[in-house]
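A.B. asks: Sequence first, then the predicted structure, then my questions.
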Amino acid sequence: MLRIALRLHRTAWVSMSALGAFYGALQAVSFPLVVGHSPLDRARFGQEMAAFGRQVSYLAPLPVRADTLGGYLQWRMYGAFLPVAFAFWGFMAGSGVIRGDEERGVLEHWLAGGVARGRLIGIRFLGFLVAAAAAISLTAIATGLGSVAADEPLDTGSLALAGVPLLGLMLTCFGLGLIAGQLSGTRRGAAGLAGGTLLALFLINSLSRSAAGLQPYRVVSPFFYYERSSTVLVPGGTFNLGATFLLFVMALALAGVAAAAFIRRDLGSPLFRRRVRPGPPSPTPVPNRWLRLPVLRDVYDQRIALTAWLIGVAAMAVLFASIARPTVDLMRSTPGLQAYLALIAGGNPYQAMIGFFWFGTLQLLLAVYVITHVARWSADEAEGRLEAILSEPVPRRRVVAERAVALALTTVCLIAAGTIAAAVVARTQQIALDPGALLEAAALLIPFVLAMGTLGAVLAAFIPRAAVGVLAAYAMAGYLLQQFGLLLKWPTAVLDLSMFQLYGAPLVTGVYWTGLWAMLAVTGVGFLAALVLMQRRDIGR
Amino acid sequence: MTVAAIATRGLSKDYGAERGLFDLDLEVPAGEVFGYLGPNGAGKTTTIRLLMGLIYPTRGSATIFGLDCQQEAVEVKRRVGYLPGELANWGGLRGSEVVAYLAGLRGGVDSKVIRDLAARFELDLGRRYREYSHGNKQKLALVIAFMATPDLLILDEPTSGLDPLNQQQFYQLVREARQRGATTFLSSHILSEVEHACDRVGIIRQGRLVKLSGLEELHQLRVHQVEIEFDGDPPAAPVRAAAGVEQVQVDGHQIRCTVRGSFEPLLAAIANHRVVNLVSQEPSLEDIFLSYYQP
């Protein structure tokens, strides 16, 4: 059973290990290139990051000694990136375990084979613990090797110890996902419930750094206990044994509650089940016009998810636009950051701030949105819906075209929500945004999404099972390439392999025409390739 | 000349390692109910997917009402109602939404027909797909296959998961479809099922069509393993002499034998003896194949 449990985490383990290792090594290697080597450069960088860190304290803990590699990695990697990315893995895995097993139909076999429910939860918990520990170890090893390559070797023991609270955090998130899986009837619902709860817990902790009123409540957040340790920071780092122990206790308690709920509930149902409504069966088909209209039937099918995305994007836009002015004002008042601001912002620093931070984030969100669509396309085939659709008199090319149009249509809604919300808040902050540039920045996101989407369509047709993983890896690599490529002075041809780079920064530097043509070319070629692949391949599970 | 509902010429799908379908030559005339029999993994679903244009043949061709299954797949599907062997997962959609979605893709489906079919199967279309039992999912798939009153029904193991009452409802639908001139191609691995519903049967094994037969011949194929316990000495000689009775074994007061075709000769042979217990079992298709095609 343990071997099966480990095997079921294999794809995520490989992906997250690669992501963590790549990110860690890159951060370590690029640190001296970013900061410089002289004590003066480093001191200035430390001050700049301290000021910047205060402005983004709603996302990450405050930086301490960011002029050292240990302090920088503790803040940016172990403080911001890894807890979010690995917590995401934790709750997704937790909501997929048991409930996902049930949807795949394997749970019934295991239970029928004499495996006790409590033991099953224990084995899946142990399987995730091993997978998570392996991913954390590989990340630490790669980061350590990166620090050696940067000629600033980190203490091995500190790096190893940093993984312990991270493991506790991941297991807590996994336990939360496990409970959500017992409360929701579907894996998707469980992921939403666990994700929403974790987001709330994350925000309680992160916003409490600047909002004193939230501080009494942060003790419920596992992120609070995680942040009590900072072992990568040398000297001055601490390992808080009590907080770390509490994290593991929370994880075990959550897994125990999940096990109790799993033992009590019926298979195929959530723990609390609504009663079936009384009355005779309804043989009436719904007169739903949406379901009869091309493209709109796809949009209807994802209406709940789309609504959540629209609200989320608008809320993020409000948040990012509202911090643009205070961030710029602070940078202007900080001598060390003035030159940096002049370099990135040009004439209108407020507009530039919204361009870099909000539209950069919106790009990332849209890439995730595309990946969710590609996941749906792959699932359509794996779960037999594509076969059902193509058993009706529908040309295969129409399926590809409808998917593309539905993606474009919903994306336009998301971009509009994000852009309008940002523009309205910017106006209340008395930030004058150039309407033409704003329109360009928004419009250029459409080819960005379409290019990513057609790549996804090709992958879904060519390697449906691996499509999501490959596209996510490409997106992440592209994002990191854009973030670090310039610092590492990689040639433009290499940087342009990133779709993020091809979008450019239209609100700051105008349209990057080469990038636009490249995205349109990828869209055209990808769409044709997706059509041909869909037409020529065998359909079925 | 009447166009065959289904015609295949050397139709093959080679998955390697002797798996797939090989050189299928088959003709199903319009209006016939054709049973496609074979054990699990014999190639039934592969044949059906080739006919539906979902997978491409390695060689050979298939036509439905003279239309090429690959080149004219859309036209073919306008005339076909299909029930897949493995049902799709429609998750949180209600039964009515699944029907509306697929009816919307097809166009021209009469909602009165859907209502009638759902009522006949006592299917609650208001419930979510994930809440359906296996039997209810199968009923929904049958509603979808029959809702457009197609000229050809291609049904992959259609009674899987249905209770006996709903099986009868299904057989009635097939009879009604035949009465209006529709053709039915149904696959199964249960001999008695195709015997019940079909005019003609094709038997496939290891990817090759090994027998095409009418109902009469099918009855001959049908073999039962019978075990009879007598209240005294068993009538071994009359049983051995009875037509269609083979492999007779006597063990104390018990007789074990196989009966091919009708039971009448066996029942006549034991008519004057007191029977304590009689058990008759239909062997699996694979057992029949072993007894027929292997030395």
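C.D. replies: That came in fine, so what should we check first?
A.B. asks: Which pLDDT value belongs to residue B:123?
C.D. replies: Model confidence at residue B:123, given as pLDDT, is 91.
A.B. asks: Wait, a helix at it?
C.D. replies: No: the assignment for residue B:123 is coil, going by DSSP: H, G, I helix; E, B strand; the rest coil, so no helix is present there.
A.B. asks: for stretch B:224-243, how far is the first residue from the last?
C.D. replies: Start and end residues of stretch B:224-243 are separated by 14 Å (C-alpha to C-alpha, to the nearest Å).
A.B. asks: ok, now stretch A:421-439?
C.D. replies: Counting by C-alpha to C-alpha, the terminal residues of stretch A:421-439 are separated by 13 Å.
A.B. asks: So what's the model's average confidence on it?
C.D. replies: In this model, stretch A:421-439 has an average pLDDT of 90.
A.B. asks: what comes up buried for it?
C.D. replies: In terms of neighbour count (16 or more other C-beta atoms under 10 Å in any protein chain shown), stretch A:421-439 has its buried residues at A:421, A:422, A:423, A:425, A:426, A:431, A:433, A:437, A:438. Glycine gets a C-beta too; all of them are placed from N, C-alpha and C.
A.B. asks: Go through the residues you listed and say which is closest to residue A:104.
C.D. replies: Ranked by distance to residue A:104 (C-beta to C-beta), those are led by residue A:421 at 38.9 Å.
A.B. asks: List the contacts of the nearest residue to that closest one once chain neighbours are set aside.
C.D. replies: With C-beta to C-beta, 6 or more residues apart in numbering or on different chains as the measure, residue A:317 is the residue that lies nearest to residue A:421, at 3.8 Å, once sequence neighbours are left out. Residue A:317 makes contacts with A:358, A:362, A:417, A:418, A:419, A:421, A:422, A:425, as judged by C-beta atoms under 8 Å, 6 or more residues apart in numbering or on different chains.
A.B. asks: Just those: which are in helices?
C.D. replies: Here DSSP state H is the test, and the contacts of residue A:317 give A:362, A:417, A:418, A:419, A:421, A:422, A:425 as lying in helices.
A.B. asks: Any stretches of the stretch 401-541 of chain A with poor pLDDT?
C.D. replies: Counting by pLDDT under 70, the stretch 401-541 of chain A shows low-confidence ranges at A:487-488, A:541.
A.B. asks: residue boundaries of the helices in it?
C.D. replies: Taking DSSP state H, counting those that start in this stretch as the criterion, the stretch 401-541 of chain A carries its helices at A:435-443, A:445-462, A:467-484, A:492-495, A:499-503, A:506-509, A:513-536.
A.B. asks: Tell me the spacing between the residue nearest to residue A:421 and residue A:5.
C.D. replies: In this structure, residue A:317 lies at 41 Å from residue A:5, with C-beta to C-beta, to the nearest Å as the measure.
A.B. asks: same thing with residue A:434?
C.D. replies: Distance from residue A:434 to residue A:5, by C-beta to C-beta: 55 Å.
A.B. asks: for the stretch 151-295 of chain B, what spans make up the strands?
C.D. replies: If you assign secondary structure with DSSP state E, counting those that start in this stretch, the strands in the stretch 151-295 of chain B sit at B:152-156, B:183-188, B:200-205, B:208-214, B:223-230, B:245-251, B:254-260, B:275-281.
A.B. asks: tell me how far the third one is from the chain's mean position?
C.D. replies: In this case it means strand B:200-205. For strand B:200-205, the distance from its own C-alpha centre to the chain's C-alpha centre is 10 Å (C-alpha atoms, centre = their mean, to the nearest Å).
A.B. asks: Given it, what are its sheet partners and their directions?
C.D. replies: strand B:33-37 (parallel), strand B:208-214 (antiparallel) (DSSP bridges).
A.B. asks: Please apply the same query to the fifth one.
C.D. replies: For strand B:223-230, the paired strands and their directions (DSSP bridges) are strand B:254-260 (antiparallel), strand B:275-281 (antiparallel).
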